[in-house]
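Novice: generate a structure from the sequence data that follows.
(one chain, ligands or ions: 1)
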Amino acid sequence: MKMNFIKVKDYNALSVHAAEIICAQVNSKPNSVLGLATGSTPIGAYEQIREMYKRGEVDFSAVKTINLDEYVGLSPENAQSYRYFMNNQLFNGINIAKENTHLPDGMSNTVDDECARYERLIDSLGPIDLQLLGIGNNGHIGFNEPGDFFIKECHCTQLAAKTIEANSRFFDTIDEVPKKAITVGMGTVMAAKKVLLIAAGKEKAEIINKALTGKITPQVPASILQFHADLTVVVSP
Ligand code: F6R
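Specialist: Have a look, this model is predicted:
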């Protein structure tokens, strides 16, 4: 079990460090499968990756990506959807073919079928070489919310009240925040060859500490990462 814990001085340093780890992965294996996250935390890293690409330091032409999650009911054109986020924050700024980028389809009429399709897709592309993760204030990873058990496969989840509240900052009103999301399961995260967890800000310090040093329990979903064989954690104040 290897846990590499890196504390850097600020958000910019966290972003540079995370981007360097991701680009080093791509440079060492040009056809890497990257597991990607949305949210505020990786925005700086994605910006750094776009810069590194512009400087000719990395080539994404053979890379495939699998995102963690998508809101149910939001189309790719909706500015709050994770597909829209990924296109804007990363994919449009690097040389990755859109057909090599994957997110669950939040507009599918049959959510269970969509979860099964995404799980099959992960099976066919995976295992993920490097999985990037943020962490929710309640310890969620992807949208694996605290509960009585870990769920292995892709599933539709009811977002926790705390998550809806936290994510309402991106919406005009809290009522607009979708109540459900499709997320990869813990099996996908744990099967990734390497995991890179990033967390910024003092409000994340407590949950990071609890997840990495506390009891391993589905009540703190990220705590399962203590079992991962190759985990790097980068945190900033
Ligand atoms: C995003 C995701 C979530 C976020 C988490 C932290 O795809 O799966 O688990 O990583 O909610 O979000 P931020 O970075 O906005 O604090």
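
Novice: quick one: which helix or strand includes V234?
Specialist: Element membership of V234, judged by DSSP states H and E, is strand 230-236.

Novice: who's in contact with that strand?
Specialist: 2-11, 13-14, 17-18, 21, 193-201, 204-205, 208, 212, 225 (C-beta atoms under 8 Å, 6 or more residues apart in numbering). (Glycine included, C-beta is placed from N, CA and C.)

Novice: same deal with stretch 79-94?
Specialist: Residues contacting stretch 79-94 (C-beta under 8 Å, 6+ apart): 36, 38, 42-43, 46-47, 49-50, 53-54, 58, 60, 65, 67, 69-71, 74-78, 96, 98, 101, 103, 106, 170-171, 176.

Novice: can you select the buried ones from those in PyMOL?
Specialist: To isolate the buried members of the contacts of stretch 79-94 in PyMOL, using 16 or more other C-beta atoms under 10 Å:
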select buried, resi 36+38+42+43+46+47+49+50+53+58+60+65+67+69+70+71+74+96+101+103+106
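
Novice: of all residues in this structure, which one is nearest the centre?
Specialist: For the chain, A37 is the residue whose C-alpha lies nearest the centre (C-alpha atoms, centre = their mean; 2.2 Å).

Novice: near the ligand too, which of the contacts of stretch 79-94?
Specialist: T38, D69 (C-beta under 6 Å from any ligand atom).

Novice: where does the protein have low pLDDT?
Specialist: 1 (pLDDT under 70).

Novice: tell me which parts of it are close to the ligand?
Specialist: 37-41, 68-69, 134-136, 140-143.

Novice: does the residue nearest to the centre of the chain really touch L130, like I thought?
Specialist: No: shown here, A37 and L130 do not form a contact pair, counting by C-beta atoms under 8 Å, at 11.5 Å.

Novice: and stretch 129-137, how far out from the chain's middle?
Specialist: Mean-position distance between stretch 129-137 and its chain equals 4 Å (C-alpha atoms, centre = their mean, to the nearest Å).
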